[in-house]
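S.K.: Here's a sequence, model it:
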Amino acid sequence: MHFLFTFETMNEQHIFELPEIKRFIQQAIDEDRGDGDHTSLATIPASHIAKAKLLVKDDGIIAGVALAQLIFNMVDEKIGYQILMKDGSNINKGDIVLYAEGPAQSLLLAERLVLNCMQRLSGIATATNKLVKLIEGTHAKLLDTRKTTPGMRLLEKWAVTMGGGVNHRIGLYDMMMIKDNHVDASGGIEQAITRANAYKKSQHKENLKIEVETRNIDEVKQVLAIGGIDRIMLDNFSPTLMKEAVMLIDGKYETEASGGITEDTIRTYAETGVDYISVGAITHSVKALDLSLKIVL
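M.R.: Okay, the predicted model is just below:
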């Protein structure tokens, strides 16, 4: 049985020891290489040793250094590296993150995968950190969502933690989230919550937390009357209604703001007293950070 990763362990570096990550890297290498990097094979002697530097071309937060090391190792164990900046570090244009040295053909094979991953992960960490700073001094914590790139979820959620964010559930397996579709399909909030708790008991999953999405104050009142949950999501509430809902819940359950929250509005939502703010944009539509891997002549 494969290891199920959870948000409690996402901060730990052993993510890069998971077979899922190594399979992802190997598949990406195979996809790119095909039957050979014919350009490098044709133009560079196999014996040629080169040195390359990972150059920063944007300001932000770096993420993916440990992943780059793993990629280099899987491409060619003869590649060595010197790490100058750790994951989660603030970076500025012109900084050098690392040097790598080894067979030139191998460095060029690893180049694009290293950059593709590090640019995206650093973009996620940078976007996350920007929002985290905007809500500093409030009670709220920034959450990610399941709106991630297929095959890269663990890496992208790890990048969120490098930017100072907090992981929501990793997948469908580590938290029960009763959303509007579940409520409507089951016949109402009460039926959905009752069935969720019965399922937990029958499947011996008592530690599985339950979150319920609410769409208005009336639904919040319904959840409070029923109980048996851990967190209430307040979806697409205005800041005024959010504050009213948080006061109504009064600490009985964790609260989460969700739905179209941007850098222009996140501070206002954080000041309502809500516990968590989830923003899908930090993984699903983030701008990659500009990095390059250049051979040092």
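
S.K.: Heading C-terminal from the helix or strand containing Thr126, find the next helix or strand.
M.R.: Taking DSSP states H and E as the criterion, Thr126 maps to helix 104-134. Sequence-wise, the next helix or strand beyond helix 104-134 is strand 141-143, with elements assigned using DSSP H and E.

S.K.: which helices and strands does that following strand pack with?
M.R.: Packing partners of strand 141-143 (3 or more Cβ pairs under 8 Å, 6 or more residues apart in numbering; DSSP states H and E): helix 104-134, strand 276-278. Every residue, glycine included, has its C-beta placed from N, CA and C.

S.K.: Now do the shortest one, average pLDDT.
M.R.: Averaging pLDDT along strand 276-278 gives 98.

S.K.: do the same with stretch 234-245
M.R.: On average, stretch 234-245 scores 98.

S.K.: Would you mark the buried spots in it?
M.R.: Judged by neighbour count (16 or more other Cβ atoms under 10 Å), stretch 234-245 contains these buried residues: 234-235, 237, 239, 242-245.

S.K.: low-confidence ranges in this protein?
M.R.: Within the chain, the set of residues satisfying pLDDT under 70 comprises 1-13.

S.K.: any idea how it splits into domains?
M.R.: In the domain annotation for the chain, the residue ranges read 7-125+287-296, 133-284 (automatic domain parsing).

S.K.: re the thing from before, same list, the helices and strands packed on strand 141-143, but as CSV with distance to Gly228 and mean neighbour count please.
M.R.: Output for the helices and strands packed on strand 141-143, formatted as CSV (distance: least, Cβ to Cβ, whole Å; neighbours: other Cβ atoms under 10 Å):
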stretch, distance to Gly228, mean neighbour count
helix 104-134, 32, 22
strand 276-278, 20, 22
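
S.K.: okay, those in CSV with distance to Ala52 next?
M.R.: Rendered in CSV, the data for the helices and strands packed on strand 141-143 read as follows (distance: least, Cβ to Cβ, whole Å):
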stretch, distance to Ala52
helix 104-134, 5
strand 276-278, 38
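
S.K.: Tell me which of these lies nearest to Asp290.
M.R.: Comparing these against Asp290 with Cβ to Cβ, the closest turns out to be helix 104-134 (7.0 Å).

S.K.: Distance from that closest one to the middle of the chain?
M.R.: 13 Å (Cα atoms, centre = their mean, to the nearest Å).

S.K.: And for stretch 148-159?
M.R.: Its chain's C-alpha centre and that of stretch 148-159 lie 5 Å apart, by Cα atoms, centre = their mean.

S.K.: Identify all contacting residues around that stretch.
M.R.: The list of residues contacting stretch 148-159 from outside it, by Cβ atoms under 8 Å, 6 or more residues apart in numbering, reads 5, 7, 10, 15, 18, 20-21, 24, 63-64, 67, 117, 120-122, 124-125, 128, 144, 146, 167, 170-171, 283-284.

S.K.: Now with 6 Å, please.
M.R.: 5, 10, 15, 24, 63, 121, 124-125, 144, 167, 283 (Cβ atoms under 6 Å, 6 or more residues apart in numbering).

S.K.: Check stretch 290-297 too.
M.R.: Contact with stretch 290-297 is made by 50-55, 57-58, 111, 115, 118-119, as judged by Cβ under 6 Å, 6+ apart.

S.K.: ok, which stretches of the stretch 1-150 of the chain are strands?
M.R.: The residue ranges that make up the strands of the stretch 1-150 of the chain, judged by DSSP state E, counting those that start in this stretch, are 49-56, 60-61, 80-83, 90-91, 96-103, 141-143.

S.K.: right, and the ones you listed - which one's nearest Tyr253?
M.R.: Closest to Tyr253 of the strands of the stretch 1-150 of the chain is strand 141-143 (Cβ to Cβ; 15.4 Å).
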